[in-house]
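Trainee: turn this into a model:
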Amino acid sequence: MATRTRRPGAAPRARDASRRRLPMRLLLPCLLLVALMAMLMLRGYVHSEILADHRVQAPASSDKVPEKILEGGPVIDTRSGRTQSLSLRDHRLVLTFDDGPDPEWTPKVLDVLKKHHAHAVFFVTGTMASRYPDLVQRMVHEGHEVGLHTFNHPDLSYQSKKRIDWELSQNQLAISGAAGIRTSLFRPPYSSFADAMDNKSWPVTEYIGTRGYITIVNNTDSEDWRKPGVEQIIRNATPKGGKGAIVLMHDSGGDRHQTVQALDKFLPQLKAKGYEFDNLTEALGAASAHTQVTGVELWKGKAWVFLVGASDNITAVLVVGLAIIGFLVISRFVLMLLLSGVHARRVRRPGFRWGNPVFEPVSVLVPAYNEAKCIENTVRSLMASEHPIEIIVIDDGSSDGTARIVEAMGLPNVKVVRQLNAGKPAALNRGLANARYDIIVMMDGDTVFEPATVRELVQPFGDPRVGAVAGNAKVGNRNSLIGAWQHIEYVMGFNLDRRMYDILRCMPTIPGAVGAFRRSALERVGGMSDDTLAEDTDITMAMHRDGWRVVYAEKARAWTEAPETVQQLWSQRYRWSYGTMQAIWKHRKAVVEKGPSGRFGRVGLPLVALFMVVAPLLAPLIDVFLIYGLVFGPTEKTIVAWLGVLAIQLVCAAYAFRLDREKMTHLISLPLQQILYRQLMYVVLLQSWITALTGGRLRWQKLRRTGVVGAPGGQVPNQRSRSGSSDRRPVG
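Mentor: Okay, here's the model as predicted:
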């Protein structure tokens, strides 16, 4: 049951405003999800987790490669139709480092070069330059040259010209964003000496020249990637007979401590033999390979580097969020399993009693707004009650004849109170003012009680410390997929939670569908309040702060009609989540207060905030990283981890169903619920946050009812068929 406040003549305007606002409410969460996935895709791209090609071409024939290239030097210039190779003069060494920059080893290499006043050429990949732009900037600032080594290191002989252009432009974009320069130097991945050029790699070298780049291979390989030992690296890197050379080393791609140690010995040793260590253009006596980038190209590069940094930072935040949600999920499940078991053993042990049995009559309040399809089932179920009751139906300005239906039933002990539409809290307070008895039972106009429900619900009042009792609300219309999902949620989430919170003495919500209160406790806290949209959570928190115990009566079962469409479910959960946030904020001062209020504030409020606000907001991260892991890997570990989380949830759900004596067949839909339902709850909660942060005010929204729910076993007697009512059978 949900009531709403409506100003005369304002409905059309409200509906128009709702239609205008709804797309934005949907748009903001969708944009956030799209931005999140875009950032994850960017990270996967930059970390070579997508679009990376790790194939390496086998050696081929070289009959189409010019002889002067095969027998020439390591600098190959094919620009403007040239076919030229260059070598270095004697005692000139150009140290080149591939595959960086690396956050651990590149700074150490730069430190050694600076220590010995040597320059070098760093052939950086776009992926690494994008992630560590400060190191590229340091290279340029300290006088080294930077060259392209493609974006994510594919063998270009496998690639189309379009892919080659893309690799070059993206690599150049990263360097421009990092250091504000362009470079004309290029080294192909998996390259070797000039005489290793073949019919597969030579066309690529020719094409690279048409794009304005000089290709740099090497003629001295330190083979440091093999980690042969410091002395062997020095021997491999030392040219024979004092000749000039381009030396291949690596500052990334693994553990490079041998490279750093060898470099620290190699530089002074060869300097003592008269060698000079320059960057390439210094060694060739040519103009610098670097040109400054300005204007649009510079800002494109900076934007790229910023986005890459943001994607890494966002991913790091998401990983922290995933760790938090993992901790919360595991903690909640452990607490629920342990404490719900304690609760069940306590209340089910032989001879358990809350106190002296309660036989006194109670008042049952049924607030109703346009419940014509449901109200007869509700009232007749109450008439079958095993406990003495009076029934007060408060018609909150219904326009569908709800009050007339109840009056026409002509049942004893049933009173109808009419009022103008003022909202559910006002209706409950009106009912309280008309109630005769000291124990007040509250239920919704779309809910059906079993004969024993009221009796079981009021027994805890035998303990004078108990001020309120939460009953066991169950989904009656569970035969649809969305109904089955809510059935799982009610049994697993709400009822296990209530057992746990009962033991912890901080139950946050007495369900509006089935709850009971002492009149004196209600009057002490000022009755039902309309300060929030979750009046049931609000009054429960107020009870705790006033020092009353709030307990859970598992046998007090009530069957309620859950929303049957996604739109109705959205509306209901949006109100619940926003109302819960309002209630937490309203009672925030309990955190610093003393006595019962302080205990609830320091125990109950944090648990409610963590488990009912933070956890649902972060829960979709599990599915986001599932998709990320399936696309980018490691796929097997991702699937195992997700199945592990699902297994934990299945264990909890099975235990909850066992405690509630429910059939396990509905758990078949649990995996699908975890994938789809969680996203819906996430968007709902995110929308609630947006509403709260923007100062929006949510209105009550009436759910469309069908009147199909009856108590199991056919315990709603004498149901009359009305024209226009649903012909669907009650669901047990």
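Trainee: can I assume residue 527 is in contact with residue 429?
Mentor: Yes - assessed by Cβ atoms under 8 Å, residue 527 is found in contact with residue 429 at 4.8 Å. All C-beta spots, glycine's among them, are computed from the backbone N, C-alpha and C.
Trainee: okay, the two: which has more neighbours?
Mentor: residue 429 (21 against 17; other Cβ atoms under 10 Å).
Trainee: I'd say residue 593 and residue 601 touch.
Mentor: Yes - if you go by Cβ under 8 Å, residue 593 and residue 601 touch, sitting 6.0 Å apart.
Trainee: who touches both of the two?
Mentor: Contact with both residue 593 and residue 601 is made by residues residue 545, according to Cβ atoms under 8 Å, 6 or more residues apart in numbering.
Trainee: what about these two, which has more around it?
Mentor: With neighbours defined as other Cβ under 10 Å, residue 593 and residue 601 compare such that residue 601 has more, 22 against 15.
Trainee: contacting residues for the closest residue in space to the more buried one that isn't next to it in sequence?
Mentor: Closest residue to residue 601 apart from its sequence neighbours, by Cβ to Cβ, 6 or more residues apart in numbering: residue 590 at 2.9 Å. Listed by Cβ under 8 Å, 6+ apart, the contact set of residue 590 reads 541, 545, 597-598, 600-602, 605.
Trainee: how much space separates residue 590 from residue 541?
Mentor: According to Cβ to Cβ, to the nearest Å, residue 590 stands 8 Å off from residue 541.
Trainee: what's the overlap in contacts for those two?
Mentor: Residues touching both residue 590 and residue 541 (Cβ under 8 Å, 6+ apart): 600, 605.
Trainee: model confidence at the residue nearest to residue 509 when sequence neighbours are not counted, what's the number?
Mentor: Closest residue in space to residue 509, ignoring its immediate chain neighbours: residue 537 at 4.5 Å, by Cβ to Cβ, 6+ apart. On pLDDT, residue 537 comes in at 94.
Trainee: need the single longest strand in the protein, by residues.
Mentor: As assigned by DSSP state E, the longest strand anywhere in the chain is strand 549-560.
Trainee: what's the average pLDDT for that one?
Mentor: Averaging pLDDT along strand 549-560 yields 94.
Trainee: thinking again about what came up before, figure out the helix or strand that the residue nearest to residue 509 lives in.
Mentor: Using DSSP states H and E, residue 537 sits in helix 535-545.
Trainee: how long is stretch 464-484 end to end?
Mentor: 38 Å (Cα to Cα, to the nearest Å).
Trainee: mind listing what's buried along it?
Mentor: 466-478, 482-484 (16 or more other Cβ atoms under 10 Å).
Trainee: can you confirm residue 400 is in a strand?
Mentor: No - assessed with DSSP: H, G, I helix; E, B strand; the rest coil, residue 400 is coil; it does not lie in a strand.
Trainee: where does the closest residue to it other than its chain neighbours land in three-state SS?
Mentor: Spatially, and ignoring its direct neighbours in sequence, residue 400 is nearest to residue 372 (4.2 Å; Cβ to Cβ, 6+ apart). The three-state label given to residue 372 by three-state DSSP is coil.
Trainee: pretty sure residue 372 sits against residue 398.
Mentor: Yes - with contact defined as Cβ under 8 Å, residue 372 reaches residue 398; the gap is 7.4 Å.
Trainee: PyMOL command for the buried members of the contacts of residue 590?
Mentor: Here is the PyMOL command that selects the buried residues among those (16+ other Cβ under 10 Å):
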select buried, resi 541+545+597+600+601+605
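Trainee: and which of the contacts of residue 590 is nearest residue 630?
Mentor: residue 605 (37.7 Å; Cβ to Cβ).
Trainee: before we move on, the earlier item: so what secondary structure elements neighbour the longest strand of the chain?
Mentor: Counting contacts by 3 or more Cβ pairs under 8 Å, 6 or more residues apart in numbering; DSSP states H and E, strand 549-560 packs against helix 295-348, strand 447-449, helix 453-458, strand 466-475, helix 496-504, strand 514-518, helix 535-545.
Trainee: again, only using 7 Å
Mentor: Judged by 3 or more Cβ pairs under 7 Å, 6 or more residues apart in numbering; DSSP states H and E, the packing partners of strand 549-560 are strand 447-449, helix 453-458, strand 466-475, helix 496-504, helix 535-545.
Trainee: can you point out the buried residues in that strand?
Mentor: Result for strand 549-560 [16+ other Cβ under 10 Å]: buried residues 549-554, 556-560.
Trainee: now swap in stretch 73-92 and tell me
Mentor: By neighbour count on 16+ other Cβ under 10 Å, the buried set for stretch 73-92 is 73-78, 83-88, 92.
Trainee: cool, stretch 241-248 as well?
Mentor: 244-248.
Trainee: what mean pLDDT does the one helix or strand residue 69 maps to have?
Mentor: Taking DSSP H and E as the definition, one finds residue 69 inside helix 67-70. For helix 67-70, mean pLDDT rounds to 93.
Trainee: can you list contacts of that helix?
Mentor: Among residues not part of helix 67-70, those counted as contacts by Cβ atoms under 7 Å, 6 or more residues apart in numbering are 62, 76, 83, 85, 194-195, 197.
Trainee: same question for stretch 670-686.
Mentor: 29, 32, 485, 488, 566, 570, 573-574, 577, 616-617, 619-620, 623, 646, 649-650, 653.
Trainee: just those: which are in strands?
Mentor: Among those, none falls in strands (DSSP E).
Trainee: PyMOL command to pick out the buried ones of these?
Mentor: Entered in PyMOL, the line below selects the buried ones among those, by 16+ other Cβ under 10 Å:
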select buried, resi 29+485+488+570+573+574+577+616+617+619+620+623+649+650+653
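Trainee: what about residue 116, how many neighbours?
Mentor: Neighbours around residue 116, by other Cβ under 10 Å: 15.
Trainee: repeat for residue 430
Mentor: Using other Cβ under 10 Å: residue 430 sits among 21 other residues.
Trainee: just the strands in the stretch 1-150 of the chain please.
Mentor: Taking DSSP state E, counting those that start in this stretch, the strands of the stretch 1-150 of the chain run over residues 75-77, 84-86, 92-100, 120-124, 145-148.
Trainee: can you redo these as TSV with distance to residue 462 and mean pLDDT?
Mentor: Formatted as TSV, those follow (distance: least, Cβ to Cβ, whole Å; pLDDT from 0 to 100):
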stretch	distance to residue 462	mean pLDDT
strand 75-77	94	95
strand 84-86	99	93
strand 92-100	75	95
strand 120-124	77	97
strand 145-148	81	97
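Trainee: buried deepest among these, which one?
Mentor: Stretch with highest mean neighbour count among those: strand 120-124 (a mean of 28; mean count of other Cβ atoms under 10 Å).
Trainee: shaky segments in this structure?
Mentor: 1-26, 28-29, 49-51, 633, 692-732 (pLDDT under 70).
Trainee: what's the residue nearest the centre of it in contact with, if anything?
Mentor: The chain has residue 621 as the residue nearest its centroid, 2.6 Å off, counting by Cα atoms, centre = their mean. Residue 621 makes contacts with 318, 321-322, 325, as judged by Cβ under 7 Å, 6+ apart.
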